[in-house]
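K.L.:
Sequence below, structure please.
(chains A and B)
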Amino acid sequence: MFNKRVRIKELLSNESANYQATVMGWVRTFRNSQFIALNDGSTNNNLQVVASLGDFDDAILKRLTTGACIKVEGEVIASLGKGQKVELKASSIEILGDSDAEKFPLQPKKHSLEFLREIAHLRFKTNTFGSVFRVRHSLAFAVHKFFNDKGFVYLHTPIITASDAEGAGEMFRVTSLPLDGTAPKNEDGSINYKEDFFGRSTNLTVSGQLEGELAAMAFSDIYTFGPTFRAENSNTTRHLAEFWMIEPEVAFNDLEDNMNLAEEFIKYVIKYAIDNNKEDIEFLAQRLEEEEKQKPQNERNEMTLMEKLDFVVNNDFERLTYTEAIEILKESNHNKKKKFQYLIEGWGADLQSEHERYLVEKHFKKPVILTNYPKDIKSFYMRMNEDGKTVAAMDILAPGIGEIVGGSQREERLDRLTQRMNEMKIPAEELNWYLDTRRFGSCPHAGFGLGFERLVQFVTGMGNIRDVIPFPRYPKSAEF
RNA sequence: UCCUCCUUAGCUCAGUUGGUUAGAGCAUCUGACUGUUAAUCAGAGGGUCUCCCGUUCAAGUCGGGAAGGGGGAGCCA
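P.N.:
Numbering: from 1, shown residues only, chains lettered A, B, ... in the order given. Model prediction:
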């Protein structure tokens, strides 16, 4: 019985009329005791179901409240009203699930994102989040399509890891030992993890990169796409404790190949979303424009969301070295007039958010790829350049959200790598399995990590990362 | 973790120099109307003014503290 239903998106896009159809969905509004705006999540557009006066009992009509789930059978006809081309003239209406109008928190009106965040389990039922999560789906699908079409192997890296030497951030501990103080102890009073489930101390992964490198040393081209966890006490609009990361790792690629891959990848998935979710992105663009009207003129975006996405797809990213970026920043009027909170004094310091934003949003007005950072502000596995001062790193900075990609050519020379690990006090014995890649058939290779939620933010224009993941995890928050 | 702003009805918000019974729009309920498009019209119900302590004859309003939330910073993706 249920499989006979027509999706509302199909029914509306197929504009023919005069046929019988069954639809199921949730009531958005019930107007004039006759007109049901019905939504099934396939599109933001509602189907107008007409319950002609006198055709239905009051007992049924009373239950057509906002949020109620119904099944409707009837005839699709050319609409007698102006708002839509076709409508469904109901012959039978069945209530599948009631929704108490006095208690259901969603109303046919605009809600604040902050309020919806408190009822994140219900926000899928709104237009904004419907659009956001349909776009998120398309982007996720496009990630796999892009790499699959290029012959990459999708590698599942572990969620639970033993290494705590990656230095990518604070980790969540994984244990089955009791927390009431009765856990087995060593002689010095520390917890004896030999007695723990895995016989050692374990954590949730902060990155699949090191495991990805192992596979790249056999398959040549791999990518990961999975959840990662950071226990940092970050309270910002662009950090989550649980987020999804895409990490390609490619043998025989150098830094430039790596940049080319990242740029092609970003353009591909954005184009895919534009081509497949035009309606949703246009809806989000309009939402964003209304939000922008609340802001003063000088804080508004120059481009609409759709213009911004088209621009990114059709223009080359600006590529420059860290050293060149420092020069531009140092010589900028912004720096000379001391408008930066942190003034650029010289070479060597990490760039602050304000500097990245200046380069991307003021100076170049496009995505920027920064390369060859000082070795002291980057990770141990990045390949040392000939100058001995910089490493073959690259960060991609996007307007509005900052760093969206971090990557590098990896240090494939065992002696250089172990030397860097010593300098940075990374225990080599714990990463012996990783160092084996350099012992047995090492080769030049490169890869990057892309924060999936930041990509979704960029494409949907949503300002807060908590609004682009279905069930956000952040400090003091793991409800739903 | 730091800086900053905010917390009044289900939601979004007003609330004067501290002063009687704290308001509006939307939502909800009742009724009317019936081709509506976040329907319209009339009426009704709905409040521990986030919590605790203090100042005062008197606190939604002033002071201190706590909790929750927004924005920014750091960490990063």
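K.L.:
Surely residue A:69 touches residue A:93?
P.N.:
No - taking contacts as Cβ atoms under 8 Å, residue A:69 lies outside contact range of residue A:93: 11.4 Å. Heads up, the C-betas are built off the backbone N, CA and C, glycines and all.
K.L.:
These two - which one has more neighbours?
P.N.:
The neighbour comparison of residue A:69 against residue A:93 (other Cβ atoms under 10 Å) goes to residue A:93, with 20 against 16.
K.L.:
My read is that that one contacts residue A:56, right?
P.N.:
Yes - using Cβ under 8 Å, residue A:93 is in contact with residue A:56, at 6.3 Å.
K.L.:
between the two, what contacts are shared?
P.N.:
Counting by Cβ atoms under 8 Å, 6 or more residues apart in numbering, residue A:93 and residue A:56 have no common neighbour.
K.L.:
Which residue ranges of the stretch 301-450 of chain A form helices?
P.N.:
Taking DSSP state H, counting those that start in this stretch, the helices of the stretch 301-450 of chain A run over residues A:305-314, A:322-331, A:333-336, A:353-357, A:414-423, A:432-439.
K.L.:
Out of those helices, which is closest to residue A:271?
P.N.:
helix A:305-314 (5.0 Å; Cβ to Cβ).
K.L.:
Counting neighbours, which bits of the closest one end up buried?
P.N.:
Within helix A:305-314, the residues that count as buried by 16 or more other Cβ atoms under 10 Å are A:305, A:306, A:308, A:309, A:312.
K.L.:
and if you look at stretch A:325-336?
P.N.:
A:325, A:326, A:328, A:329, A:332, A:334, A:335.
K.L.:
ok, now how distant is the third one from residue A:402?
P.N.:
For residue A:328, the distance to residue A:402 under the criterion Cβ to Cβ, to the nearest Å works out to 17 Å.
K.L.:
Can you tell me which residues in the stretch 301-450 of chain A are near RNA strand B?
P.N.:
Residues of the stretch 301-450 of chain A found near RNA strand B (Cβ under 7 Å from any atom of the strand) are A:350, A:352, A:353, A:354, A:357, A:402, A:403, A:404, A:405, A:406, A:449, A:450.
K.L.:
Mind checking which of those residues are buried?
P.N.:
Of the members of those, the ones counted as buried by neighbours, 16+ other Cβ under 10 Å, are A:357, A:402, A:403, A:404, A:405, A:406, A:449, A:450.
K.L.:
Please name whichever of the residues you listed scores lowest on pLDDT.
P.N.:
Lowest-confidence member of those: residue A:402, scoring 90 (pLDDT).
K.L.:
That one touches residue A:352, doesn't it?
P.N.:
No - contact between residue A:402 and residue A:352 fails when scored by Cβ under 8 Å: they sit 10.4 Å apart.
K.L.:
follow-up on the earlier one: now the buried residues of helix A:305-314 in CSV, with distance to residue A:100 and pLDDT?
P.N.:
Shown next, in CSV, are the buried residues of helix A:305-314 (distance: Cβ to Cβ, whole Å; pLDDT from 0 to 100):
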residue, distance to residue A:100, pLDDT
A:305, 36, 93
A:306, 39, 94
A:308, 42, 94
A:309, 41, 95
A:312, 45, 95
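K.L.:
wait, what's in contact with the residue in the stretch 101-250 of chain A that RNA strand B sits nearest to?
P.N.:
Across the stretch 101-250 of chain A, the shortest distance to RNA strand B (Cβ to the nearest atom of the strand) belongs to residue A:109, at 2.9 Å. By Cβ under 8 Å, 6+ apart, the contact list for residue A:109 is empty.
K.L.:
which parts of the stretch 1-150 of chain A sit against RNA strand B?
P.N.:
So far as Cβ under 7 Å from any atom of the strand goes, the stretch 1-150 of chain A lies against RNA strand B at A:29, A:31-35, A:37, A:48, A:50, A:52-53, A:65-66, A:79-84, A:87, A:89, A:101-102, A:105, A:107-112, A:114-115, A:117.
K.L.:
Try it again at 6 Å.
P.N.:
The stretch 1-150 of chain A has residues A:29, A:31-35, A:48, A:50, A:53, A:65-66, A:79-84, A:87, A:101-102, A:105, A:107-112, A:114-115, A:117 near RNA strand B, with proximity defined as Cβ under 6 Å from any atom of the strand.
K.L.:
Out of those, list just those in helices.
P.N.:
Using DSSP state H, A:114, A:115, A:117 are the members of these that sit in helices.
K.L.:
Among those, which one sits closest to residue A:177?
P.N.:
Proximity of these to residue A:177 (Cβ to Cβ) peaks at residue A:117, which lies at 34.3 Å.
K.L.:
how much space is there between that closest one and residue A:286?
P.N.:
For residue A:117, the distance to residue A:286 equals 21 Å [Cβ to Cβ].
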